[in-house]
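Peer 1: below are the sequence and a predicted model for it; my questions follow.
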Amino acid sequence: GDSVTQMEGPVTLSEEAFLTINCTYTATGYPSLFWYVQYPGEGLQLLLKATKADDKGSNKGFEATYRKETTSFHLEKGSVQVSDSAVYFCALSADSSASKIIFGSGTRLSIRP
Amino acid sequence: GAVVSQHPSRVICKSGTSVKIECRSLDFQATTMFWYRQFPKQSLMLMATSNEGSKATYEQGVEKDKFLINHASLTLSTLTVTSAHPEDSSFYICSAIGGGTKNIQYFGAGTRLSVL
């Protein structure tokens, strides 16, 4: 079945460091791909998404490119801030209605001042 | 963006009791709501999908009689964990789809259930 694998955390970086959180997926067909973020004490929020191969999703300085050839959707940010500390979830949906989302296990990111 | 409120955020109960968790869409009508369960350091696992006014659709392996879901209105769904046992201790998260953003799920903050 469809699945998502993302790098285990926790990831600890200094402020202004470059961030990469790896995510690969397994799916039949052409899923939509998502990154969700969960700040402490809050619900999951959609950070960015891409719906077809070579699409780049971007938001708040974060980017991820839908790579069909490597079945990947790595999350990157050039310069992280303390406020980026959160848990990040990679996810996929095989249908356009997003009614069935499969999540990765989440990566906890901590940024040191 | 759309707001989904989940209550309570944390609950501790004795084994054998039942616990109700509420999920409300505050500023939109949720035609579909979802209930997830998350074990420590694991993915969110979909438990069931509920549509307003109809019976919930449960994922394989989820006990319908253990996890009762009611979606009585377009803004409220409830999950009742009946006769809770320590193995039911987990983090439960709801989400909702509706309004003008049918292809995005909006999530609640989750409820941490601890069964003693």
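Peer 2: Okay, I see it.
Peer 1: the helix or strand bottoming out on mean pLDDT in chain B: what's the following helix or strand?
Peer 2: Least confident helix or strand of chain B, by mean pLDDT, DSSP states H and E, is strand B:101-107 with a mean of 76. Sequence order places strand B:111-115 as the next helix or strand after strand B:101-107, per DSSP states H and E.
Peer 1: and that next one, what does it pack against?
Peer 2: Under the contact definition 3 or more Cβ pairs under 8 Å, 6 or more residues apart in numbering or on different chains; DSSP states H and E, strand B:111-115 sits against strand B:10-13, strand B:19-25, strand B:90-98. From N, CA and C alone the C-beta is placed, and that goes for glycine too.
Peer 1: partner strands of the last one and their direction?
Peer 2: Listed by DSSP bridges, the sheet partners of strand B:90-98 and their directions read strand B:30-38 (antiparallel), strand B:101-107 (antiparallel), strand B:111-115 (antiparallel).
Peer 1: gap between the closest residue to A:Ala94 other than its chain neighbours and chain B?
Peer 2: In space, and not counting its chain neighbours, A:Ala94 is closest to A:Pro31: 4.8 Å by Cβ to Cβ, 6 or more residues apart in numbering or on different chains. Distance, A:Pro31 to chain B, by Cβ to the nearest Cβ, to the nearest Å: 13 Å.
Peer 1: tell me how many other residues crowd A:Pro31.
Peer 2: 24 (other Cβ atoms under 10 Å in any protein chain shown).
Peer 1: same question, B:Cys13
Peer 2: If you count neighbours by other Cβ under 10 Å, B:Cys13 ends up with 16.
Peer 1: repeat for B:Thr82
Peer 2: Taking other Cβ under 10 Å as the neighbour definition, B:Thr82 ends up with a count of 15.
Peer 1: which non-adjacent residue is nearest it?
Peer 2: B:Ser18 (4.8 Å).
Peer 1: ok, the one you found - contacts?
Peer 2: The neighbours of B:Ser18, taking Cβ atoms under 8 Å, 6 or more residues apart in numbering or on different chains as the test, are B:Thr80, B:Val81, B:Thr82, B:Ser83, B:Ala84.
Peer 1: ok, now A:Gly41?
Peer 2: Residues near A:Gly41 by Cβ under 8 Å, 6+ apart: B:Ser9, B:Ala109.
Peer 1: in three-state terms, label it for me.
Peer 2: The three-state assignment at A:Gly41 reads coil, by DSSP: H, G, I helix; E, B strand; the rest coil.
Peer 1: measure it to B:Glu22 for me?
Peer 2: Distance from A:Gly41 to B:Glu22, counting by Cβ to Cβ, to the nearest Å: 18 Å.
Peer 1: could you pull up the residues touching the residue nearest to A:Ala94?
Peer 2: A:Asp2, A:Tyr25, A:Leu92, A:Ser93, A:Ala94.
Peer 1: report the buried members of the residues you listed.
Peer 2: Burial by neighbour count, judged by 16 or more other Cβ atoms under 10 Å in any protein chain shown, picks out A:Tyr25, A:Leu92, A:Ser93, A:Ala94 from those.
Peer 1: do I have it right that A:Pro113 meets A:Glu15?
Peer 2: Yes. With contact defined as Cβ atoms under 8 Å, A:Pro113 and A:Glu15 form a contacting pair (5.6 Å).
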